[in-house]
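*Asks:* kindly generate the corresponding structure for this input.
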Amino acid sequence: MSLQAEGTVKKSLMGMGTWTLVTDGQTYEIHKGAPDGLLVEGQKVRVNGEVRKDVMTMAMVGPVLDVKSFEPMG
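*Replies:* Numbering: from 1, shown residues only. Predicted structure coming up:
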């Protein structure tokens, strides 16, 4: 499922540690292989990606988001 979302990138210590995108209503786990520059704690971004229903993770903090592109906000 394609997704456009705005939120804040955060590091989660769940499992072995993972990166998340926290939006107003949902927390997504950022899938491995994220674009360079995305994984910055506290960065506010607008992302385009795909929610991967075929992927499970150890952290299980939310749906897995395969980010295709992003744009920093502010």
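*Asks:* excluding its backbone neighbours, what's nearest the residue most central in space within the chain?
*Replies:* Centroid-nearest residue in the chain, with C-alpha atoms, centre = their mean: I30, separated by 3.2 Å. Leaving aside its sequence neighbours, I30 sits nearest to W19 (C-beta to C-beta, 6 or more residues apart in numbering; 4.4 Å). (C-beta placed from N, C-alpha, C; glycine too.)
*Asks:* I'd like the next helix or strand past the helix or strand harbouring T8.
*Replies:* Secondary structure from DSSP states H and E places T8 in strand 2-12. Downstream of strand 2-12, the next assigned helix or strand under DSSP H and E is strand 18-22.
*Asks:* pull up the pairing partners for the helix or strand just after that next one, direction included.
*Replies:* Scanning forward in sequence from strand 18-22 by DSSP H and E, the next helix or strand is strand 27-30. Strand 27-30 pairs in its sheet with strand 18-22 (antiparallel), strand 64-72 (parallel), by DSSP bridges.
*Asks:* return the set of buried residues in strand 27-30.
*Replies:* For strand 27-30, a neighbour-count test (16 or more other C-beta atoms under 10 Å) marks 28-30 as buried.
*Asks:* next helix or strand past it?
*Replies:* Counting by DSSP H and E, the element after strand 27-30 in chain order, helix or strand, is strand 44-52.
*Asks:* so which residues make contact with that following strand?
*Replies:* 1-9, 21, 28, 31, 38, 63-74 (C-beta atoms under 8 Å, 6 or more residues apart in numbering).
*Asks:* buried residues in it?
*Replies:* Buried residues in strand 44-52, counted by 16+ other C-beta under 10 Å: 45, 47, 49, 51-52.
*Asks:* so which of these comes closest to M58?
*Replies:* Distance to M58, by C-beta to C-beta, is smallest for R52 among the buried residues of strand 44-52, at 14.9 Å.
*Asks:* mind checking how far the closest one is from L3?
*Replies:* 10 Å (C-beta to C-beta, to the nearest Å).
*Asks:* what do you get for P63?
*Replies:* In terms of C-beta to C-beta, P63 sits 9 Å off from L3.
*Asks:* same deal with A59?
*Replies:* Taking C-beta to C-beta, one finds A59 at 19 Å from L3.
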